[in-house]
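> Please find the sequence and the predicted model below.
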Amino acid sequence: MKNPKRLLRPITRSLRGQLMLAATVPVTLLLVVLTVVSVISFTRLTRTLVERRDAELVQLAARQVADGWVDSVQLLHLVASTDVVRSGDENAARRLIGADTALLQRFDRIQMTDAQGQVIVSVGGQPGGYVGDTSFFEGARQRRRAVRSDVYEDEDGSRLITVAVPIYDLSGRFIGCMLGVWDLDGTHLGQPVAGVRVGERGYAYLVDENGTVLYHPDKSLISANAGDHPAVAAVLRGETGARAVNNDGHVTMVGYAPIPIRLSSSLVTDETWGGWALLTSELWEDIIAPLRPYVALMGMLLVLLITLPLTILATSSRRIVAPLQSLVTQVDRVASGEFDTQVSINARALELRELELAFNKMVDQLREYRDDIQSYVVSILNTQEEERKRIARELHDETAQELVVLGRRIEMAAETATDPDLAEDLNRLRDMVDDMVQGVRRFTRDLRPPLLEELGLSRTIEILGNRMAREEPFDVGVRVVGEPRQLLPELELGLYRLVQEGLNNVRRHAQATQVNITLTYAENAVEVEIVDDGVGFEGPTDPSELLRLGRLGLMGMHERARLFGGRAMINSTPGEGTTVHVVIPLSTIVLPPMEARS
């Protein structure tokens with residue numbers, strides 16, 4: 001069964017995960033960096049190309065718009081140069097103008113004035129009116145060429161721009177002006193601008209020298225002042241080009257150029273024809289829209305470039321790591337005490353084969369070490385028990401017998417004594433010798449416990465507790481937890497000695513009235529806990545302090561537990577008793593040989 005902690009281990013801590021990360025992270029970072037740099041470079045290059053395209057486009061469009069207006073002025077000039085108009089016949093002039101469809105398609109109104117500026121013919125607008133006091137009428141009369149007005153309002157509140165061409169009679173005398181009127185709310189002024197195509201949803205618009213919008217596809221923006229717009233401000237300074245403008249979070253590519261109408265024809269060389277500019281506008285999103293499928297394709301290729309090597313590496317790393325995982329499984333078995341197994345990972349790699357050989361050699365050494373340790377422990381315990389038996393035998397055969405003889409002689413002396421005081425002293429001495437005999441016999445019995453092999457550890461401890469309860473002024477309770485299992489005989493004897501030493505410490509020092517002994521058979525350990533309600537003492541934090549405090553019995557318990565690879569924990573508080581908790585791990589050293597191999 002796999003170790004659940006290993007299953008929960010982060011992938012970054014596993015060899016396979018580190019191999020994959022070491023190979024994929026640099027490649028992934030490199031690809032991501034290359035992709036980001038490519039996207040940024042491509043975006044900048046695209047923007048540069050679009051700016052150049054829009055700069056050229058807006059200049060070409062500005063010349064086309066200028067040519068369209070020049071054509072309109074030429075048509076207006078042709079009508080003003082006809083004999084009908086020069087003759088001053090109003091009715092004939094009205095019929096001529098009304099029949100000129102091309103001219104009517106270029107202006108919202110066509111008007112003719114007399115020499116004083118009174119409108120005498122009007123087609124497309126209200127008849128009548130007076131323009132003699134306007135700058136464009138006076139300019140055309142004095143300069144004898146076509147002029148263009150600024151935006152102004154007539155009596156009806158209409159926003160107008162007027163082109164004035166002077167009229168001369170057959171003798172060359174000034175007799176009025178032919179006026180072409182553009183209404184900003186009309187459609188004829190922006191016809192040349194509306195014909196400029198900028199992408200699918202782009203558009204062009206027209207501003208004058210003050211930044212006022214003269215034409216825009218959005219009618220609500222006509223007459224608005226756009227002087228604060230970066231592109232408009234640039235074109236008003238006489239610049240030509242294109243730039244990206246961020247407007248409410250949307251990037252727009254704007255091209256701008258002055259309209260070179262004064263360079264297009266000698267008819268429109270007057271200074272009033274300067275100052276207007278054309279601007280084109282297109283959303284950046286619309287420009288790069290055709291490229292989005294390719295961007296998505298690049299993203300898919302990037303993912304493929306990352307996942308494909310990762311998949312190949314995952315498959316390859318599985319073949320590399322699988323032998324190591326097999327080795328880990330067998331290491332767990334060895335760690336649990338199965339030293340009789342040999343590791344075989346069937347790896348082709350030379351390094352793994354060397355690891356396999358080294359590990360098997362280590363297992364053989366551990367097995368020999370375990371056997372040596374077990375033999376050492378058994379040897380020490382057997383030596384101790386043999387010495388105990390020898391001491392018990394000598395005490396029983398020599399010391400106890402001699403004390404019995406000494407007591408008998410003291411008794412005989414007391415019977416023959418004539419002095420009452422001497423007889424009383426001899427009787428007390430005999431009683432002391434009898435107590436010594438009982439002590440020697442009890443000590444001899446402790447040195448030679450009941451046979452553990454016949455009675456078992458738990459039953460032997462119960463017998464010890466019952467005997468101690470009969471002989472001492474405290475009760476002893478024994479409790480067994482778990483299913484008793486067979487242990488190494490030397491361990492069972494060692495545990496018995498631990499309990500015996502614990503009860504002796506209670507008898508000598510604790511002044512207790514109750515002692516509870518708990519023997520626990522856990523899955524991976526056997527535990528003994530001895531709890532008394534005696535006077536207690538200031539428990540040490542370091543077992544080595546027991547020797548300094550004179551607690552030799554507790555120190556012996558600690559050392560005996562260490563002999564079996566376990567530990568003894570001693571907790572004591574003055575006035576609250578003492579607890580001794582011994583834990584012996586059930587390793588192969590303390591298990592019988594047959595059970596250790598099962």
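Ah, there it is.

> tell me the contacts of residue 53?
residue 242 (CB atoms under 8 Å, 6 or more residues apart in numbering). No exception for glycine: its C-beta is placed from N, CA and C like everyone else's.

> Am I right that it falls within a helix?
Yes: under DSSP: H, G, I helix; E, B strand; the rest coil, residue 53 sits within a helix.

> Look up how far residue 39 lies from residue 303.
With distances taken as CB to CB, to the nearest Å, residue 303 is found 15 Å from residue 39.

> and the gap between residue 482 and residue 584?
14 Å.

> ok, now residue 559?
13 Å.

> Between the two, tell me which one has more neighbours.
The neighbour comparison of residue 559 against residue 584 (other CB atoms under 10 Å) goes to residue 584, with 25 against 12.

> nearest residue to that one other than its sequence neighbours?
residue 566 (3.7 Å; CB to CB, 6 or more residues apart in numbering).

> again, but for residue 152
residue 160 (6.0 Å).

> List the buried residues for the helix or strand the one you found falls within?
Residue 160 belongs to strand 159-168 when assigned by DSSP states H and E. Of all the residues in strand 159-168, those buried under the rule 16 or more other CB atoms under 10 Å are 159, 160, 161, 162, 163, 164, 165, 166, 167.

> Just the mean pLDDT for it, thanks.
Per-residue pLDDT over strand 159-168 has a mean of 94.

> just checking, what packs against it?
Secondary-structure packing of strand 159-168 (3 or more CB pairs under 8 Å, 6 or more residues apart in numbering; DSSP states H and E): helix 15-80, helix 83-86, helix 135-143, strand 147-148, strand 152-153, strand 174-183.

> and the third one, how far from the chain's centre?
What that stands for is helix 135-143. 76 Å (CA atoms, centre = their mean, to the nearest Å).

> what do you get for the fourth one?
Relative to its chain's centre, strand 147-148 lies at 69 Å (CA atoms, centre = their mean).

> likewise the fifth one?
Centre-to-centre, strand 152-153 and its host chain are 66 Å apart (CA atoms, centre = their mean).

> returning to that earlier point: distance to residue 431 and mean pLDDT for the helices and strands packed on strand 159-168 - can I get that in JSON lines?
Shown next, in JSON lines, are the helices and strands packed on strand 159-168 (distance: least, CB to CB, whole Å; pLDDT from 0 to 100):
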{"stretch": "helix 15-80", "distance to residue 431": "79", "mean pLDDT": "81"}
{"stretch": "helix 83-86", "distance to residue 431": "167", "mean pLDDT": "90"}
{"stretch": "helix 135-143", "distance to residue 431": "152", "mean pLDDT": "92"}
{"stretch": "strand 147-148", "distance to residue 431": "149", "mean pLDDT": "94"}
{"stretch": "strand 152-153", "distance to residue 431": "145", "mean pLDDT": "90"}
{"stretch": "strand 174-183", "distance to residue 431": "146", "mean pLDDT": "93"}
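
> right, so of the ones you listed, which gets closest to residue 293?
helix 15-80 (14.3 Å; CB to CB).

> Need the nearest residue in space to residue 164, chain neighbours excluded.
residue 140 (3.9 Å).

> for residue 288, same thing?
residue 46 (6.8 Å).

> Quick check: the gap between the one you found and residue 560.
Taken as CB to CB, the span from residue 46 to residue 560 is 85 Å.

> repeat for residue 359
Distance from residue 359 to residue 560, by CB to CB: 34 Å.

> Pick out whichever of those two has more residues nearby.
residue 560 (20 against 17).

> list the contacts for that one?
Counting by CB under 8 Å, 6+ apart, residue 560 has contacts 494, 497, 498, 501, 568.

> the domain parsing of this protein - what is it?
Using automatic domain parsing, the domain parsing of the chain gives 41-65+189-291, 72-183, 453-598.

> could you pull out the strands for the stretch 201-350 of the chain?
In the stretch 201-350 of the chain, the strands defined using DSSP state E, counting those that start in this stretch lie at 203-207, 213-215, 241-247, 250-258, 277-283.

> between the ones you listed, which one is nearest to residue 83?
strand 213-215 (34.9 Å).

> Quick one: distance of the closest one to the chain centre.
Distance, centroid of strand 213-215 to centroid of chain: 54 Å (CA atoms, centre = their mean).

> Remind me what that strand packs against, helices and strands.
strand 203-207.

> Can you name every helix or strand that the strand it packs on contacts?
helix 15-80, helix 191-194, strand 213-215, helix 230-236, strand 277-283.

> what's next to the helix or strand hosting residue 571, contact-wise?
Secondary structure assigned from DSSP H and E places residue 571 in strand 567-572. With contact meaning CB under 8 Å, 6+ apart, strand 567-572 is reached by 498, 536-540, 543, 546, 554, 557-558, 560-562, 578-583.

> Filter those residues down to the buried ones, ChimeraX style.
Command for ChimeraX that selects the buried part of the contacts of strand 567-572, burial taken from 16+ other CB under 10 Å:
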select :498,536,537,539,540,543,546,554,557,558,560,561,578,579,580,581,582,583
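
> Now, the contacts of strand 567-572 that are in strands?
Judged by DSSP state E, the contacts of strand 567-572 include 578, 579, 580, 581, 582, 583 as members of strands.

> Closest one to residue 366 out of those, please.
residue 583 (22.5 Å).
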